[in-house]
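J.: Pasting the sequence and the predicted coordinates here, then a few questions.
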Amino acid sequence: MTAEEIIPLAQNAGFSGQDLQTAVQVALAESSGNPSAWGDAGIGQGSFGLWQINAYWHPEFGPDFSQLYDPQTNANAAFSVYSKAGNSFSPWSTFKTGAYGKYAAIVANALSAAYQAVSDAASNVVQTVEDNPETSSDIGILLVVGLALLFLMKKA
């Protein structure tokens, strides 16, 4: 999966702000974006999915750890691990070693593109309202929704 595909998973799980960027970087560093990644063979049943959730250290996600191959389930588990660590990425080895930093530019560019897409969509709605004043009340609602989305994306 690409950074663009992982971003909404991380957002839906609860990551926001700078931690959204860090979360996506960690996922890429841990699994190279492969939702079927399996590693750490010598530690319990291993680590699963995008964020490499380890079965030994996180038995709460078992006993069927294969569910962690689902990208959203894995993102939700990652957010739980992060939250239990005091909103910290310290449980991930790629964070502790700094290996996640390799993906900073890739993720920053993906987030920037997502923000731009929302901004462009809001601009298109504004233009449509200006061009079609007779339907402005319906389009105005869409504008409010679009601006709310833009605000949420910027906040993330």
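T.: Looks like it arrived, so ask away. Residues are numbered from 1 along each chain as shown.
J.: and Tyr82, what element?
T.: Using DSSP states H and E, Tyr82 sits within helix 71-84.
J.: Just list what whichever helix or strand comes after that helix packs against, helices and strands only.
T.: Note on helix 71-84: by DSSP H and E, the next helix or strand toward the C-terminus is helix 93-96. Helix 93-96 makes packing contacts with helix 17-31 when contacts are defined by 3 or more CB pairs under 8 Å, 6 or more residues apart in numbering; DSSP states H and E. For glycine as for every other residue, the C-beta is placed from the backbone atoms N, C-alpha and C.
J.: partner residues bridging the closest residue to Ser66 other than its chain neighbours?
T.: Nearest residue to Ser66, sequence neighbours excluded (CB to CB, 6 or more residues apart in numbering): Phe48, at 7.4 Å. With DSSP bridges as the criterion, Phe48 is bridged to Trp38, Ile53.
J.: I figured Phe48 hits Asn74, correct?
T.: Yes - contact between Phe48 and Asn74 holds when scored by CB atoms under 8 Å: they sit 7.0 Å apart.
J.: list residues touching both of these two?
T.: Leu68 (CB atoms under 8 Å, 6 or more residues apart in numbering).
J.: quick one, which of the two is more surrounded?
T.: Phe48 (29 against 26; other CB atoms under 10 Å).
J.: Report all helices and strands that the host helix or strand of Ala104 contacts.
T.: For Ala104, the host element (DSSP H and E) is helix 104-131. The contact analysis (3+ CB pairs under 8 Å, 6+ apart) places helix 104-131 against helix 3-13, helix 17-31, helix 136-155.
J.: and it, average pLDDT?
T.: Averaged across helix 104-131, the pLDDT comes to 79.
J.: cool, stretch 16-23 as well?
T.: 96.
J.: how about that stretch: buried residues?
T.: By neighbour count with 16 or more other CB atoms under 10 Å, stretch 16-23 contains the buried residues 19-23.
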